[in-house]
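Q: Sequence plus the predicted model coming up.
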Amino acid sequence: MLDLLRKKAQSWVTHVLFGGLIVVFVLFFGYTKLQRQGPHDTVASVNGMPVHQGEYEVALDNNEAYYRQGFQDKMPDRFMEGLRKSTLQQVINRKLLVDFGMHHGFIVSDQELAEHIQSLPFLHKEGAAFDPITYREQFLPALYEHYHINFEEWAREGMLADKVQQSFVATIRVSDDELRDAYRREHTRYTFEVMRFDPERLVKEKKIANEAAAQDAASAVQAVLQNEAARKPLLATYGVTPEKIGPLAVQPHLPFLGVETTPESVHALFALQPGSVCPGGPYHVDKTLVICRLLARDIPAAAEWEKSEPEARKSLTERYQQVLMEQWMQSLLSHAKITRSL
């Protein structure tokens, strides 16, 4: 292993992912943390493969160091609780990909491992070339002292997990029609006309006899929303002024309709034809009743897609691949035998 490293001592990339874990190893450059209890214990098991305490701790330390930069060392305790949970899931996912790779013929050669290790930026002090002696006599002992993991085995597993991910992503193809449809959905804008009925105001202004009658008033207007001749005088009777909201992109929740909306009902709203009444109304939003209709739906012209195609294709493809990767991971997790001890 070290012979290969000596032959190939040079600087390569600026950062590397170990199966989705950002590796910093601040400890090697002067940041020292007290070793936690039980370095040889396991925090989880994935299809019989142990996830050791040290694997979890190195991931947690690196994640914590990364996020502390954003919080400027004022990270809330509640955030740390979530970070511990998400880090445990990270190392479980990593081990699951390793298990998949081992059972499906994926291999990381010694040559690949050697070139990978010498490319790591934290093993190049002040831009110097990779030094195998420093690596062997300082880095490896320091890492083992803190985490009790074999770095080269751990790095090989990370590379194996990466290979599995890259292999899966390489199989994903998105057709031109799918990309155009996705672009059109994301860039179509919708404008709604919203009418709000405040029962308290209507009673105070003697528009209705009691607050319960507001439901009948809103329903009466909703029934004639598509008939301008009937709608205008009725709205005037109740002193309700239509309000335009938009243009809006497709989104999972419409605040002007309150908390009653579900993903299915929101999907139905964005599938409306212009002029159509929002189904399911009147909606109860806080202390008011709300009805609405879709005024306009602006679909991007074909020329806009052609102009934006290169950048949009890259962005949409990456997101599509990410979604399918997450779905595949969920499938692997659902069929895996996983135990947790944290």
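A: That came through fine. Numbers count the residues shown, from 1 in each chain.
Q: Restricting to C-alpha, output stretch 57-68 in PDB.
A: Listed next in PDB are the C-alpha coordinates belonging to stretch 57-68 (Å, rounded to 0.1, in the frame of the first residue of the first chain):
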ATOM      1  CA  GLU A  57     -17.800   9.500  15.800                       C
ATOM      2  CA  VAL A  58     -15.600  10.500  12.900                       C
ATOM      3  CA  ALA A  59     -18.700  11.200  10.800                       C
ATOM      4  CA  LEU A  60     -20.300  13.100  13.700                       C
ATOM      5  CA  ASP A  61     -17.200  15.200  14.300                       C
ATOM      6  CA  ASN A  62     -16.800  16.100  10.700                       C
ATOM      7  CA  ASN A  63     -20.500  17.000  10.400                       C
ATOM      8  CA  GLU A  64     -20.400  19.000  13.600                       C
ATOM      9  CA  ALA A  65     -17.300  20.900  12.400                       C
ATOM     10  CA  TYR A  66     -19.000  21.700   9.100                       C
ATOM     11  CA  TYR A  67     -22.200  23.000  10.600                       C
ATOM     12  CA  ARG A  68     -20.400  24.900  13.400                       C
END
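Q: Now it: average pLDDT?
A: Averaged across stretch 57-68, pLDDT comes to 88.
Q: Next, the buried residues of that stretch.
A: Within stretch 57-68, the residues that count as buried by 16 or more other CB atoms under 10 Å are 57, 58, 59, 60, 61, 62, 63, 64, 65. C-beta here means a position set from N, CA and C on the backbone, and glycine is covered the same way.
Q: Which strand or helix spans the fourth one?
A: Take DSSP states H and E as the rule and residue 60 turns out to sit in helix 53-71.
Q: which helices and strands sit right next to the helix or strand following that helix?
A: As assigned by DSSP H and E, the chain's next helix or strand after helix 53-71 is helix 77-103. Judged by 3 or more CB pairs under 8 Å, 6 or more residues apart in numbering; DSSP states H and E, helix 77-103 is in contact with strand 21-22, strand 42-46, strand 49-52, helix 53-71, helix 151-170, helix 302-335, strand 338-340.
Q: what residues does the helix or strand where residue 220 lies touch?
A: Using DSSP H and E, residue 220 maps to helix 213-223. By CB atoms under 8 Å, 6 or more residues apart in numbering, the residues outside helix 213-223 that reach it are 195, 197-199, 202, 207-208, 231, 234-235, 238, 240, 277, 281-282, 289-291.
Q: Quick check: residue 92 touching residue 338?
A: Yes. If you go by CB atoms under 8 Å, residue 92 and residue 338 touch, sitting 6.3 Å apart.
Q: Need the overlap of contacts for the two.
A: With CB under 8 Å, 6+ apart, residue 92 and residue 338 have common neighbours 44, 46.
Q: Could you check which of these two has the larger neighbour count?
A: The neighbour comparison of residue 92 against residue 338 (other CB atoms under 10 Å) goes to residue 92, with 21 against 14.
Q: pLDDT score assigned to that one?
A: Confidence score, pLDDT, at residue 92: 96.
Q: Name the residues linked to the nearest residue to it once chain neighbours are set aside by a beta bridge.
A: Counting by CB to CB, 6 or more residues apart in numbering, residue 92 lies nearest to residue 44, which is 5.4 Å off, once chain neighbours are set aside. Beta bridges link residue 44 to residue 51, residue 340 when assigned by DSSP bridges.
Q: What residues of the helix holding residue 220 count as buried?
A: Result for helix 213-223 [16+ other CB under 10 Å]: buried residues 214, 217, 218, 221, 222.
Q: Can you check which of the helices and strands packed on helix 77-103 gets nearest to residue 178?
A: Judged by CB to CB, the one of the helices and strands packed on helix 77-103 that comes nearest to residue 178 is helix 302-335, at 7.7 Å.
Q: From the contact counts, what lies against the closest one?
A: Partner elements for helix 302-335 (3+ CB pairs under 8 Å, 6+ apart): helix 77-103, helix 151-170, helix 176-187.
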